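In: how would this look folded up:
(chains A, B, C and D, ligands or ions: 2)
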Amino acid sequence: MTAREEAKKLGLTDLEFDEILKILGREPNYLELSLYSVMWSEHCSYKNSKPVLKRFPTQGPQVLQGPGENAGIVDIGDNLAVAMKVESHNHPSAVDPYQGAATGAGGMIRDIFTMGARPIALLNSLRFGCLCDDRTQYLFEEAVAGIGDYGNAMGIPTVGGEVYFDDSYKENPLVNAMCVGIIKHDKIVRGKAAGVGNSVMVVGAATGRDGMHGASFASGELSDDNPDQGSPMQVGDPFKEKQLMEACLELLQNDWVVGVQDMGAAGVVSSTCETAARAGSGIELDVALVPQRDKDMKPHEIMISESQERMLVIVEKGHEDDVKKIFKKWDLDAVKFGTVTDDGMLRILENGKVVGEVPAASLAEGVPIVKRESKRPVYMDKLQIDFSKIPVTDDLNEVLFKLLDSPNIASKAIVYRQFDQTIGTNTVVAPGSDAAVIRIKGTKKGIAVSVDGNGYYCYLDPYEGGKQIVAEAARNLVVSGAKPLALTDGLNFGNPEKPEVYYQFEKCVDGISEVSKKLNIPVISGNVSFYNEGKFSAVYPTPIVGMVGVLDDVNKHCTMNFKKQGDLVVLLGENTDELGGSTYLQEVLNITAGPAPRLDIELEKKVQTCCLKAIELGLVNSAHDVVQGGLAVALAECCIAGNLGFSGEIETDLRPDTLLFGEGQSRIILSLPEENLSVLNKLAKEIGVKTSVLGFVKSGGLNIQVKQKEQVVGKIEVSTERIAEIWNNAIKRRIEK
Amino acid sequence: MNCAVIQFAGSGGDGDCYHVCKNILGQPVEYIFHKETFAAQDFDLIILPGGASHGDYLRPGALAARSKVIKSVIDAANAGKYILGIGNGFQILLEAGLLPGTMLINKDLKFYSEDIFVRVENNATPFTNLYKNGEVIRLTVACKYGNYYADKKTMEQLKTQNKIVLTYCDINGNAAEASNPLGSMENIAAIANQEGNILGLMPHPERCAEEILGNTDGIRMFQSILQYVEGGKIHDCSRRS
Amino acid sequence: MFLAKVFTFPKTGVLDPQGSAIKATVSNIGFKDIQDIQTGKYYEVRINACDVAKAKEIMKELCEKVLVNPVVEDYKFEIMEV
Amino acid sequence: MFLAKVFTFPKTGVLDPQGSAIKATVSNIGFKDIQDIQTGKYYEVRINACDVAKAKEIMKELCEKVLVNPVVEDYKFEIMEV
Ligand SMILES: Nc1ncnc2c1ncn2[C@@H]1O[C@H](COP(=O)(O)OP(=O)(O)O)[C@@H](O)[C@H]1O
Ligand SMILES: [Mg+2]
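Out: Ligands and ions are numbered 1, 2, ... in the order given. Next up, the predicted model:
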């Protein structure tokens, strides 16, 4: 076979092969080709997405580390900072949901402690097909168990996440993990191989043939004849990773550590070429020195294996034994297998003999960027309908029951109960409210974190959907009393070679960028996962956003549950005439139709400013944003969470179903003692936000009367007990056989 | 009161116990690494923390119970020191033979993390003397293997000797299947050894010791031990942080 | 009635973290002659079937659909009449 | 070198939550002929020993000290030279 044919078999294009010839000035050997094939795969190189990702705003006085490192870092004051990142493990999770999800969480955690930060919280974002399907139930239960077992064994609390079910994810579920760590400004470590003569070491687990070509696997569509599925699945070892984490955090206290990099996708090759490229240096290494678990491994196998729980460590020459000593304490190996050079080459030896040699930067950054065609999908225009033709449902109680019974709206306690939420004794607000709140020991501060996405909105309108998810993530932090600081994104899309998919990708990024810029919440890290496709179509375009915010006084955090009978319930923002994209249309009336709700960024900003201020001033007892299911569901959630009720009359020009179940943006429900109303109104007026009193908190049930010109045109009258029962058991009911 | 927190390989709750002893209780506390030994006379209270030592491989607590430090723990127990095993620490005590019985996987086979209610069955212990008998308190559980099991004879002994210290119950103190999500025999949440100086419990009192975390029911367990050791000195320190 | 004894074990090349951790502990506590430990699962299944062939068929399906994770595990079973 | 195959299984009368749960699931998904499922563990241990007797002795100690939980498990092993 010629080298060109071999290249093709490894997934490299003709153009890419020509580029390699140009770089090397000769034909690459098989080892070298393997390196290019994994490093130039979409998963490692971002060749399809790089130009678009440049549109993200990534700067701000609070940003200490933007995209380009293992994780982004944002300042929270007091010499402290938060490191965070999202990562996907979609394809492995489709093959083995338990191990796929577990190793996804594991890789994410490594990215955080690699920066020198101690992981303090995990979140996740999950998408599956309809729960009516047996395979989906299996994927769902196993993925949740995998994430749980890994995080639980690591001793890191899982404090948040999201789960959605939709047929579009049936064959290609999405499993994204997010990790948040805390670090002192002066302890930040970067992934750099600097200083000629310094030692390059591999620490942690031995290398086996696991997940060979995993990076390329993640860069193609799932299919039954995928050859990569023949190579062993990566199996997570949370115990080893816990030891590795403690060892690394101990190691990183020393100033003779030059750089550290996680060995994730494309293991040895990606970590060595990326650290060298960042420092503008080269690395010479001997694969025979890498501890091996399997027999007779070939140089290319050692270079591209994706065995988990390993790290690359670069230390000043002479400190190798210090490294070994630390790792021995944690029962881990640390072996020197290379040296930093100044010639920019990644030189690979086997028992002292050179077996491959390529410019390190060419692997890390030299991929020819692919310019993709982008085309507005025709379905977008077809999904616009005239809502006035849809009759208003008479039995609004029944609609509410159905919505609360939708797995996408129902309680996710059955999921997060499987995650240790409180280890670390920092969890102030556990899963179940809008955002998690975590106190920072030794300070008065807290942080709030949330992860949000809405594939359905993004499907109906990628640009508005992109805008909406940033706004929603920020709103979730704000209702918890935190000021949003920065975000990390996970961009899950179909095959980028399809112009319609690329259009969705571009527009979502534009939407995210727009709101992130206007709300001053820069993007500091992220991940792109393409080729998420079933047999017939791509998954919904599913960008997700993980966001962190700060509370200067963690005692002033706020939660969504109604707290006191007699409290007034006030709406910040305005009800709008938007029914498109609602869960009501989609799941109750079976109408998939847009437009998705519009986001007015200026209004959103004002609503958030007002809410945050009201919480800081201690005016309110609860705050909750209105999202899926609209106003009625939001009120129901406040009642269920507080085991209280609500009674109110709402005067409106809107259809009662639009008022109750429409998903218009920029709305927040507050509850507060009556005597605080005037201060709130004054505040809202100054900022320019509308407030309206919806009713008051009472015991017993949820009663809403919708009135037009004093006439009752619709009502909801249900007991809190009943709606709680439905909402709590919706998922359980479906998976219990 | 001199406290020690053992760090087993893979312990996750060691920092939480250390924090409570030091910052909430205000007592001197030291970590002891599992590869080390210690002298019984140096400590009054020895805590085996929660987490997943050795990744819960083989059986939870099984591998940790074979650590070097365990010999010192046994010596300390024999010397009458107070030993508190929480969650995984309880499992280690069982595997080390310091407490009778074993833990099976939870009845629904899943990890279970939530606040639950327990009833104080015996307050005449060094660990519970600041609670009332029959009192219902709220604590956090977080475990996959919290389904306590013992053979008939052991169970009889535990009962007749009054060594069942806490049991799962509902908010009113009634035992019911629904309030025992782990499935443990006789609703057992905590047991003590015959001599009464060793307590193993599945819920995590150290996570319920501060107002900001929304629950202070657990701090009294630590205060009980302090009072027992130092005789009569009780301070309400739950509000400090 | 038939009794099937099923063993599962990690596929070749697949990591067995549990086995390695147990091996490390037993070495530490003085079992010097233990070279390697691999962990798997064991099931005893009682089946109503008219003959061995039928029982085998049921077991194969049960293993593949429920008991075994084919991505990371291999399995074997033995069947006897009881 | 010897290879020991070790099986553990629940003692008579001891609850086997995993077995019961799997049994319930398989009945629900249509395995009507499965009467009972019991779960245990399976280990393959490689031992350096001069003869079978010695290997047996080591294995017995290993099972009793580490691999088996005597409160709830019984065990058996087979040894072969490899
Ligand atoms: N969608 C994105 N938005 C912002 N930054 C991104 C995005 N995707 C990737 N990045 C950045 O590119 C770098 C490489 O990402 P990635 O390959 O996912 O990391 P890893 O090597 O840990 O898998 C990281 O610094 C990441 O933060
Ligand atoms: Mg919300």
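In: the helices in chain C, which residues?
Out: C:17-28, C:52-62 (DSSP state H).
In: now do the strands in chain C.
Out: C:2-10, C:34-47, C:73-81 (DSSP state E).
In: what does the last one contact?
Out: In this case it means strand C:73-81. With contact meaning C-beta atoms under 8 Å, 6 or more residues apart in numbering or on different chains, strand C:73-81 is reached by C:1-12, C:14, C:40, C:52, C:55-56, C:59, C:63, C:67-68. In short, each C-beta sits where N, CA and C put it, glycine included.
In: when you check ligand 1, which of those residues turn up near it?
Out: Among the contacts of strand C:73-81, proximity to ligand 1 is found for none (C-beta under 6 Å from any ligand atom).
In: restricted to buried residues, select those residues in PyMOL.
Out: Of the contacts of strand C:73-81, the buried ones can be selected in PyMOL as follows, counting by 16 or more other C-beta atoms under 10 Å in any protein chain shown:
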select buried, chain C and resi 2+3+4+5+6+7+8+9+10+11+14+40+55+56+59+63+67+68
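In: okay, now the unreliable bits of chain A?
Out: Applying pLDDT under 70 to chain A picks out residues A:213-219, A:222-231, A:737.
In: residues in contact with the residue in chain B that ligand 1 sits nearest to?
Out: Nearest to ligand 1 in chain B, going by C-beta to the nearest ligand atom, is B:Gly55, at a distance of 23.3 Å. By C-beta under 8 Å, 6+ apart, B:Gly55 lies in contact with A:153, A:237-240, A:242, B:10, C:17-18, C:21.
In: Provide the secondary structure category for it.
Out: Under DSSP: H, G, I helix; E, B strand; the rest coil, B:Gly55 falls in the helix class.
In: with the one 5 residues further on instead?
Out: Remark: B:Pro60 carries the secondary structure label coil [criterion: three-state DSSP].
In: how near is it to B:Leu94?
Out: Per C-beta to C-beta, to the nearest Å, B:Pro60 is found 9 Å from B:Leu94.
In: ditto for C:Asn28
Out: 20 Å.
In: what's the answer for A:Glu725, then?
Out: Counting by C-beta to C-beta, the gap from A:Glu725 to B:Leu94 is 38 Å.
In: these two: which is more packed in?
Out: A side-by-side neighbour count of A:Glu725 and B:Leu94, using other C-beta atoms under 10 Å in any protein chain shown, places B:Leu94 first with 27 against 13.
In: on that earlier part again, who wins for proximity to B:Asp151 among the strands of chain C?
Out: strand C:34-47 (21.4 Å; C-beta to C-beta).
In: now look at that closest one and say if it contacts chain D.
Out: Yes: shown here: strand C:34-47 in contact with chain D (C-beta under 8 Å from any C-beta of the partner chain) through C:34-47.
In: show the pLDDT at the residue in chain C that ligand 1 sits nearest to.
Out: Residue of chain C nearest ligand 1, by C-beta to the nearest ligand atom: C:Leu15 (20.3 Å). With respect to pLDDT, C:Leu15 scores 89.
In: before we move on, back to that, now the residues of strand C:34-47 next to chain D in a markdown table, with pLDDT and distance to A:Ala486?
Out: Formatted as a markdown table, the residues of strand C:34-47 next to chain D follow (pLDDT from 0 to 100; distance: C-beta to C-beta, whole Å):
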| residue | pLDDT | distance to A:Ala486 |
| --- | --- | --- |
| C:Ile34 | 96 | 50 |
| C:Gln35 | 95 | 51 |
| C:Asp36 | 95 | 48 |
| C:Ile37 | 96 | 46 |
| C:Gln38 | 96 | 46 |
| C:Thr39 | 97 | 43 |
| C:Gly40 | 96 | 46 |
| C:Lys41 | 96 | 45 |
| C:Tyr42 | 96 | 50 |
| C:Tyr43 | 96 | 50 |
| C:Glu44 | 95 | 55 |
| C:Val45 | 96 | 54 |
| C:Arg46 | 95 | 58 |
| C:Ile47 | 95 | 58 |
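In: run through the strands of the stretch 151-300 of chain A in chain order.
Out: Assigned by DSSP state E, counting those that start in this stretch, the stretch 151-300 of chain A shows strands spanning A:158-165, A:174-184, A:199-204, A:257-262, A:282-286.
In: point out the most buried one among the ones you listed.
Out: strand A:174-184 (a mean of 27; mean count of other C-beta atoms under 10 Å in any protein chain shown).
In: paired strands for that one, with orientation please.
Out: strand A:80-88 (antiparallel), strand A:118-128 (antiparallel) (DSSP bridges).
In: dump the residue contacts of the spatially closest residue to A:Phe419 that is not a sequence neighbour.
Out: Excluding the flanking residues, the one nearest A:Phe419 by C-beta to C-beta, 6 or more residues apart in numbering or on different chains is A:Thr158, at 3.5 Å. Each residue near A:Thr158 by C-beta under 8 Å, 6+ apart is listed here: A:121-124, A:147-148, A:151-152, A:416, A:419-421, A:431.
In: try 7 Å
Out: Applying C-beta atoms under 7 Å, 6 or more residues apart in numbering or on different chains to A:Thr158 gives the contacts A:122-123, A:151, A:416, A:419-421.
In: which of the residues you listed ranks first by neighbour count?
Out: Going by other C-beta under 10 Å, A:Asp420 tops the contacts of A:Thr158 with 35 neighbours.
In: that one is in what secondary structure piece?
Out: Taking DSSP states H and E as the definition, one finds A:Asp420 inside no helix or strand.
In: wait, it touches B:Tyr112, no?
Out: No: A:Asp420 is not in contact with B:Tyr112 according to C-beta atoms under 7 Å; the separation is 9.7 Å.
In: quick revisit: quick check: the residue nearest to A:Phe419 vs B:Asn180, distance?
Out: As defined by C-beta to C-beta, A:Thr158 lies at a distance of 24 Å from B:Asn180.
In: one more: B:Lys132?
Out: 22 Å.
In: quick one: which of these two has more around it?
Out: Taking other C-beta under 10 Å, B:Lys132 and B:Asn180 do not tie; B:Asn180 has more neighbours (23 against 10).
In: returning to that earlier point: show only the entries of the contacts of B:Gly55 found in helices.
Out: Per DSSP H, those map to helices at A:153, A:238-240, A:242, C:17-18, C:21.
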